[in-house]
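# generate coordinates for the sequence data below:
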Amino acid sequence: TALCEYISQWTELFIPDNGKKMGLTTPVSVIAQSNSFRKEEPFSAKLEFRATKTAYLSSKEEKDVEKGGDQNDDSKNKEETKQGGVEFIVDDDDSSRQFYVVARRWNIDEDTMVKEMS
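The predicted model follows:
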């Protein structure tokens, strides 16, 4: 559909500079874009936030610092926290044949700090 094509082209605008010119402060990658709209499976396009070095600490890291521990010891050994992203889904309502778009957060670890502007 034209709506799927529009969203597909819109997400491609984020590719050259990871979303900077589009006004994003966190770099993104465009991933898992389905190529066509099929009845069995809705169209989907995803923007995934890339990890950046920030001053934010997880709640566990904050507690360690309060207890006098060093949060860096833990962070060296743990896996990188998933920063999440936004998934855009285009689907249709069988009864009315109307299309709708859903934008939802996805791929987030429980320790991920959701920033105010997200």
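# just the strands in this protein please.
28-31, 43-49, 83-93, 98-108 (DSSP state E).
# the shortest one: partners in the sheet, and parallel or antiparallel?
Here strand 28-31 has these sheet partners by DSSP bridges: strand 43-49 (antiparallel).
# got the buried residues for the partner strand?
For strand 43-49, a neighbour-count test (16 or more other CB atoms under 10 Å) marks 43-49 as buried. Yep, even glycine has a C-beta here, placed from its N, CA and C like the rest.
# nearest to residue 21 among the residues you listed?
When the buried residues of strand 43-49 are ranked by distance to residue 21 (CB to CB), residue 47 comes first, at 14.2 Å.
# tell me the confidence at the closest one?
At residue 47, the model reports a pLDDT of 90.
# who's in contact with stretch 17-31?
With contact meaning CB atoms under 8 Å, 6 or more residues apart in numbering, stretch 17-31 is reached by 11-15, 45-50, 52, 83, 85, 115, 117.
# quick one: low-confidence parts of this protein?
Counting by pLDDT under 70, the ranges of the chain that qualify are 32-40, 53-59, 69-81, 112-118.
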